[in-house]
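Asks: need a structure here:
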Amino acid sequence: MTIEAARVAITAQFDAALAAYPTTKPVVQYPNRNLVDTTTQVLPWIELDIVNLSGMQLDLGPKPMSVQYGQIIVTAYSKENAGARDAGMLLDYFLPWLELRNLGIVRTHSGMYSKSTVAKGWEGFPVTVPFWWTRVAP
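Replies: I've put the predicted structure just below:
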């Protein structure tokens, strides 16, 4: 398996959650894509980030297996001083789609909410979902 295959598995699950969103879909910021204009955006929006953190070799065979670890970070943004309710509702919707899942080659752990941060008039409320996947060396 590859980093790209892992990214596709995670993004496909996120996109499935977005497609099933029960009301007007939030604007989404994907990794390395600038789709949200924070100067004109008014409604809360959501960001997906995939961070590859580390890996380790699992055996000593001629084609050893390795495990790759990372984090799915979903951050819901709301206007600064607008409260946390709308962002929290977005996170509460997306989290069950991503945590404790088997996404083909990617497995996920339980998500955890983190401290919010403020930038450019928006407050971001992140939730982090650890994941791992295995591969065989060529």
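
Asks: list of residues touching the host helix or strand of Ala9?
Replies: If you go by DSSP states H and E, Ala9 is part of helix 3-19. Here helix 3-19 makes contact (C-beta atoms under 8 Å, 6 or more residues apart in numbering) with 25-26, 28, 30-31, 48, 50, 52, 68, 70, 72, 74, 93-94, 97-98, 101, 103-106, 131, 133. Where C-beta positions appear, they are placed from N, C-alpha and C, glycine not excepted.

Asks: now do the contacts for Leu58.
Replies: Pro64, Met65, Ser66, Val67, Thr134.

Asks: any chance of JSON lines for the residues you listed, columns distance to Val8 and secondary structure?
Replies: Output for the contacts of Leu58, formatted as JSON lines (distance: C-beta to C-beta, whole Å; DSSP: H, G, I helix; E, B strand; the rest coil):
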{"residue": "Pro64", "distance to Val8": "24", "secondary structure": "coil"}
{"residue": "Met65", "distance to Val8": "21", "secondary structure": "strand"}
{"residue": "Ser66", "distance to Val8": "19", "secondary structure": "strand"}
{"residue": "Val67", "distance to Val8": "19", "secondary structure": "strand"}
{"residue": "Thr134", "distance to Val8": "16", "secondary structure": "strand"}
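
Asks: looking at these, which is nearest Glu123?
Replies: Val67 (34.7 Å; C-beta to C-beta).

Asks: residue ranges of the strands in this structure, please?
Replies: In the chain, the strands defined using DSSP state E lie at 28-29, 45-57, 65-79, 102-103, 106-108, 112-113, 117-119, 122-136.
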